[in-house]
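> Any chance you could fold what I've pasted below:
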Amino acid sequence: MEKRILIIEDDPAIVRLLKVALTTNHYEPLIAENGLSGISSFLSEHPDLVLLDLGFPDIDGMEVLYQIREISKVPVIVVSARSDEKEKVEALDNGADDYVTKPFNIAELMARIRAALRKAAPAESVSSVFECRDLTIDFDAHQAFLKGEPVHFTPIEFRILRLLVRHKGKVLTHKFIQKEVWGYESEDDFQSLRVYMAALRRKIEKDTSRPEYIITEVGVGYRFVD
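Purely as a prediction, here's the structure:
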């Protein structure tokens, strides 16, 4: 069955582009032209994923996101011309799974849609072992291997890695990571988080200048790519 994707967007040109791209990639596009109709369509159509703009004349996109998150965990990817880092962080902290800035690369957007849908899919089996390319992690045993060789992490490094993997494909903000790993959030400790991320990359990336696993979303946070 084709996945149903709700486009909440008031720009006809963007709607046409997304409609063609989604249909070509075997998704069923659903269209809502403003915020209120987007909420109504979400409630009636039960989409598998939402592509959400933020600028509408009737209701702000952040309010649409808030109302969706009040009742559902369906993946929401914000697709917006708002490029301010504070806007991105607010959207991600309020439950968006990803944030794409206009103008966007359609191939990249399709990849992010696939990643969000994979993350939302129910697990076929319960396993504590995660495998991705050369990396294997046994969460129960607190062990990791790169090309079969053991990799030793500090307890905090392992907690950060586990958090990133559990939310793979999703951008995690600095504040979210701090709250989940340390139990609090503080802008003063952003530098400490960067140090831990650098240490993680040195241990698992082939080239730390071109990471394959842990991607930095500048000014926002980090994302694990599987």
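
> Pop the domain breakdown of the chain in here.
3-120, 129-224 (automatic domain parsing).

> what mean pLDDT would you report for the strand or helix carrying V165?
Using DSSP states H and E, V165 sits in helix 155-166. Taken as a whole, helix 155-166 has a mean pLDDT of 89.

> Can you pull up the most central residue in the chain?
K170 (2.1 Å; Cα atoms, centre = their mean).

> Can you read off the pLDDT for that one?
Predicted confidence (pLDDT) for K170: 86.

> Surely it is in a strand?
No. Counting by DSSP: H, G, I helix; E, B strand; the rest coil, K170 falls outside a strand, being coil.

> residues touching it, list them.
If you count contacts by Cβ atoms under 8 Å, 6 or more residues apart in numbering, K170 has them with 97-98, 115-116, 119, 223. Just so you know, the C-beta spots here come from the backbone N, C-alpha and C atoms, and that holds for glycine as well.

> Now flag whichever of those is closest to C132.
Distances from C132 to the contacts of K170, taken as Cβ to Cβ, are shortest for A115 (12.4 Å).

> Quick check: that closest one touching V171?
No. The pair A115 / V171 is not scored as a contact, 10.6 Å apart, by Cβ atoms under 8 Å.

> overlap in contacts of those two?
Counting by Cβ under 8 Å, 6+ apart, the contacts common to A115 and V171 are D98.

> What sits closest to E217 if chain neighbours are left out?
V171 (5.0 Å; Cβ to Cβ, 6 or more residues apart in numbering).

> my read: that neighbour touches L92, true?
Yes. The criterion here is Cβ under 8 Å, and V171 meets it with L92 at 5.5 Å.

> quick one: stretch 100-109 to chain centroid distance?
Centroid separation between stretch 100-109 and its chain, computed with Cα atoms, centre = their mean, to the nearest Å, is 14 Å.

> tell me which residues in that stretch are buried?
100, 104, 109 (16 or more other Cβ atoms under 10 Å).

> again with stretch 58-72
For stretch 58-72, by 16+ other Cβ under 10 Å, it's 61-65, 67-68.

> At which residues are the strands of this protein located?
Here the chain has its strands, by DSSP state E, at 3-8, 27-32, 49-52, 76-80, 98-101, 129-132, 135-138, 143-146, 149-151, 172-173, 214-217, 221-224.

> contacting residues around V129?
136-139.

> By neighbour count, which of the residues you listed wins?
I137 (22 neighbours; other Cβ atoms under 10 Å).

> Tell me the spacing between L18 and V50.
Counting by Cβ to Cβ, to the nearest Å, the gap from L18 to V50 is 12 Å.

> I31 is in contact with T23, correct?
No. The pair T23 / I31 is not scored as a contact, 11.9 Å apart, by Cβ under 8 Å.

> between those two, who's got more neighbours?
More crowded of T23 and I31, by other Cβ under 10 Å: I31, with 16 against 12.

> excluding its backbone neighbours, what's nearest the more buried one?
I7 (5.4 Å).

> pretty sure the one you found is in contact with E33, am I right?
No. Between I7 and E33 no contact is recorded; they are 9.2 Å apart, counting by Cβ under 8 Å.

> shared neighbours of those two, anything?
With Cβ under 8 Å, 6+ apart, I7 and E33 have common neighbours V15.
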